[in-house]
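1. okay, here's the prediction I keep looking at, along with the sequence it came from:
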Amino acid sequence: MKYNPRVNEAVARVEGIANGHPYQPEKISQGALQILKTLSECLIEITGMDAITLQPAAGAHGEMTGLLIVRAYHHSQGRPRKKVLIPDSAHGTNPATAAMVDYAVENLKSDSRGMVDITALEAQMSEDVAALMLTNPNTLGVFEQEIHKIADILHAKGGLLYMDGANMNALVGKVRPGDFGVDVMHLNLHKTFSTPHGGGGPGSGPVAIKKKLEPFLPAPVLMTKSDGTLGFEYNRPQSVGRVRAFYGNFGMFVRALAYIQANGPDGLRQTTEDAVLNANYIRKGLEGTYDLPYSTPTMHEVVFSDKVQAKKGVRTMDIAKRLIDYGFHPYTTAFPLIVPGALMIEPTESESKEEMDLFIEAMKSIAEEVQEDPQTVLDAPHSTRVSRLDETAAARKPVLRWKPAV
Amino acid sequence: MAYPTDRKYTKEHEWIQASGATATVGITDHAQESLGDIVFVELPKVGAELAAGKTFGTVESVKAVSDLYAPASGTVTEINADLATSPEKVNKDPHGSWMMKITLKNAGELDALLSAADYEKFVAEEAGH
């Protein structure tokens, strides 16, 4: 999702919302607090979790908050644990988060379907494992079909299941993580709920949790007071503490809520269905032309490899550069790492069939060029003001200071 | 590229060449090939104690940053300082561009590592996946 609907901006510019200030007394901030409450309730409903904090300012920040909660929980059980399990298909932020929260990271292998290897998980699971950090669907665009079993294996030894919500746009309105055994997860409002992603966002990474983790939520927590008005509760002795000034990136809450309410449940479900349909349309269109390393059903994104083209010396980055000449923003290159030479394509729900047909045509045309005239692809882009930049030289011999010409 | 038979290999794609109680360590041709253009190599300090299978440094390419795993336990006696300014040497000559020399704690550890032929087979299987 990179689509930022105009309705979001219209709502964010409503005077009372745009001019609100976090230092306003609670009494005259009831409208803003109601926005937080309604958004929280919507997100809880969508995820099937029990409670939420909107504080974290980005996905990785949400991960860290989530793992701090995991750590506080295990401490309260009198059994601090040492390790976090992370599948080899995970986003790089997952191991970084676990390390920052002072856990050792243990890699978990994927099986031939691109899913968590259940036997490996059973062997690696112990009472030293604090949590498994799982992205579902994972970075191959594959839904972890044995997610219930995965949750059971963790829970049997007292571990928690953390879900990275990066790919939640494949689930909204269809499946709820809270129903398949997730204990703690983060959402990216800037990915799944249409708030700005590029250009500095700012991001927003709410963390949703199950009931047993509620005491550890960052303070303050939004609450309804005895007189029925809304306010913040600061007296949370087991809280992991505040993770963000005020209550997070409020402007993003307004936009996410506008998006959710403008679509409604049926609209959100349609969005998910369209995103999955579009990814499968691309898959069908390019299967055979590009190597598909995992044939497992595709959700919201499809991952090809450059195996066929590599025989001509053309790699994923070269194809991506050539795509610029055809007028398309390139796909994600070389990720996930478990696919050598990956081409990760996520059309999202907002691309039309016409646009995708043009894209498929361009990709097919590039594949033909690779066979007939690979040099054209290797030298791409040709139509841009600046030709291909030498990333390697830039990294090996960086010029870090500007020096005036004398 | 053929893998030299005068050394042992790990499944994490390092090579180790022992001569008595000292050994030289580097990464394989397959490793440099999958990493792509290497732009930075981070190595341990001389005197650092290494445990077999644990990370001893990182190698950074334009695509990714990867950990380096010690093929055997020991103490670092020398590092290839040349790689700090010329990391591209690892791409050009992976089996000649060593990264560090270590004094082996237990030379027997090397017996568990792969021979050149076994490593080549392992790489072929991994690629077929």
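-> Sure thing, it's come through.
2. what's the closest non-adjacent residue to A:Ala320?
-> A:Pro330 (3.6 Å; CB to CB, 6 or more residues apart in numbering or on different chains). Placement of C-beta: from N, CA and C, glycine included.
3. what's the neighbour count on the one you found?
-> A:Pro330 has 16 neighbours, counted by other CB atoms under 10 Å in any protein chain shown.
4. how near is it to A:Leu323?
-> As judged by CB to CB, to the nearest Å, A:Pro330 and A:Leu323 stand 5 Å apart.
5. likewise A:Thr333?
-> From A:Thr333 over to A:Leu323 (counting by CB to CB), the distance is 10 Å.
6. between the two, which is the more surrounded one?
-> Comparing A:Thr333 with A:Leu323 by other CB under 10 Å, the one with more neighbours is A:Leu323, at 21 against 18.
7. doesn't that one belong to a strand?
-> No - judged by DSSP: H, G, I helix; E, B strand; the rest coil, A:Leu323 forms no part of a strand; its state is helix.
8. list the contacts for it?
-> By CB atoms under 8 Å, 6 or more residues apart in numbering or on different chains, the contact set of A:Leu323 is A:His329, A:Pro330, A:Tyr331, A:Ala362, A:Met363, A:Ile366.
9. let's go with 10 Å and repeat that
-> Taking CB atoms under 10 Å, 6 or more residues apart in numbering or on different chains, we find A:Leu323 in contact with A:His329, A:Pro330, A:Tyr331, A:Leu343, A:Phe359, A:Ala362, A:Met363, A:Ile366, A:Val377, A:Ala380, A:Pro381.
10. please enumerate the strands of chain B.
-> B:8-9, B:14-19, B:22-27, B:38-42, B:49-50, B:55-61, B:65-69, B:74-79, B:100-104 (DSSP state E).
11. any chance of the ones you listed in JSON lines with distance to A:Gly264 as columns?
-> Supplementary listing: the strands of chain B in JSON lines, determined by distance: least, CB to CB, whole Å:
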{"stretch": "strand B:8-9", "distance to A:Gly264": "58"}
{"stretch": "strand B:14-19", "distance to A:Gly264": "55"}
{"stretch": "strand B:22-27", "distance to A:Gly264": "54"}
{"stretch": "strand B:38-42", "distance to A:Gly264": "49"}
{"stretch": "strand B:49-50", "distance to A:Gly264": "59"}
{"stretch": "strand B:55-61", "distance to A:Gly264": "46"}
{"stretch": "strand B:65-69", "distance to A:Gly264": "43"}
{"stretch": "strand B:74-79", "distance to A:Gly264": "62"}
{"stretch": "strand B:100-104", "distance to A:Gly264": "61"}
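12. of all the ones you listed, which lies closest to A:Ser204?
-> For A:Ser204, the closest of these is strand B:65-69, at 27.3 Å, according to CB to CB.
13. which parts of that closest one are buried?
-> Buried residues in strand B:65-69, counting neighbours by 16 or more other CB atoms under 10 Å in any protein chain shown, are found at B:Ser66, B:Leu68, B:Tyr69.
14. and that strand, average pLDDT?
-> Throughout strand B:65-69, pLDDT has a mean value of 91.
15. over to stretch A:378-397?
-> 90.
16. and chain B, is that stretch touching that?
-> Yes - Stretch A:378-397 lies within reach of chain B by CB under 10 Å from any CB of the partner chain, at A:Asp390, A:Glu391, A:Thr392, A:Ala393, A:Ala394, A:Ala395, A:Arg396, A:Lys397.
17. which one of the contacts of A:Leu323 sits in the busiest neighbourhood?
-> A:Leu343 (27 neighbours).
18. do I have it right that it meets A:Gln309?
-> Yes - counting by CB atoms under 10 Å, A:Leu343 touches A:Gln309, with 9.4 Å between them.
19. how many residues are close by A:Ala394?
-> Using other CB under 10 Å, A:Ala394 is surrounded by 12 other residues.
20. tell me where the model's unsure across chain B.
-> B:1, B:127-129 (pLDDT under 70).
21. who does the longest helix anywhere in chain B touch, helix- and strand-wise?
-> If you go by DSSP state H, chain B has its longest helix at helix B:116-128. The contact analysis (3 or more CB pairs under 10 Å, 6 or more residues apart in numbering or on different chains; DSSP states H and E) places helix B:116-128 against strand B:8-9, helix B:29-35.
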